[in-house]
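>>> Mind looking at a prediction? Sequence and model below.
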Amino acid sequence: MAYIQYSDPTYLNGRSRAAFRAASITVSIGSWTPVVSIRPKAAVASLIIFDLVHSVSADAVNEAPWSWGLFLNPTIGGTDAASWVDLNNSNAQYDVSRTNLNTITAGTLLAAGSLGANNTSNQVSPSSFPYISVAEPIALGVAPSTKNQIVLAAYADSTVNFRGALNWREKL
């Protein structure tokens, strides 16, 4: 179960963490393509994250317009190619191995944006979407057979290569 949980002073102390995709991924044209994903480790009851920030950059082969989206619990289409990696000293796992054969449908779109041709990067701070800031952390719980996840995804109508990162603090 994923839900938005209101802040209390104990959330102000947390560990800064990050997950990034260094090698670019070419989007599945006309579909949302996962770039970076995070979820709780199997051994933890929940992962409470706050100050969630993402960045995404594009190498626009055709200098095409493109979009980014931050999804909560999306449905991953195709054979899921995720290879989850435990993040050291954290309650999180991350994935940067999904391919453009994986596409995103459904889920809750937490934040999104678009850039026109010749724009190659976009960074968003928590103040740009206060519903994912310190005021309201996101708690990702572990269900019996599935895990909640947050996915940074990219979309374009022509060939564009993407890299991206998620940065957050998690409750101690």
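In hand now; what should we look at? Small disclaimer: the values here were computed from a predicted structure and weren't measured.
>>> Where is the longest strand in this structure?
Criterion DSSP state E: the longest strand present in the chain is strand 46-60.
>>> which residues make contact with the following helix or strand past that one from outside it?
The helix or strand immediately downstream of strand 46-60 is strand 66-72, counting by DSSP states H and E. The contact list for strand 66-72 (C-beta atoms under 8 Å, 6 or more residues apart in numbering) reads 2, 27, 32, 52, 54, 56, 58, 60, 104, 107-115, 122, 132, 138, 148-156, 160, 162, 164. Placement of C-beta: from N, CA and C, glycine included.
>>> Quick check: neighbours of strand 66-72 in the sheet, parallel or antiparallel?
strand 108-115 (antiparallel), strand 150-156 (antiparallel) (DSSP bridges).
>>> Flag the shaky bits of this structure, pLDDT-wise.
1-13, 54, 58-64, 116-137, 142-147, 172 (pLDDT under 70).
>>> Relative to residue 77, how far out is the nearest residue to residue 71 once chain neighbours are set aside?
Leaving aside its sequence neighbours, residue 71 sits nearest to residue 107 (C-beta to C-beta, 6 or more residues apart in numbering; 4.2 Å). Per C-beta to C-beta, to the nearest Å, residue 107 is found 11 Å from residue 77.
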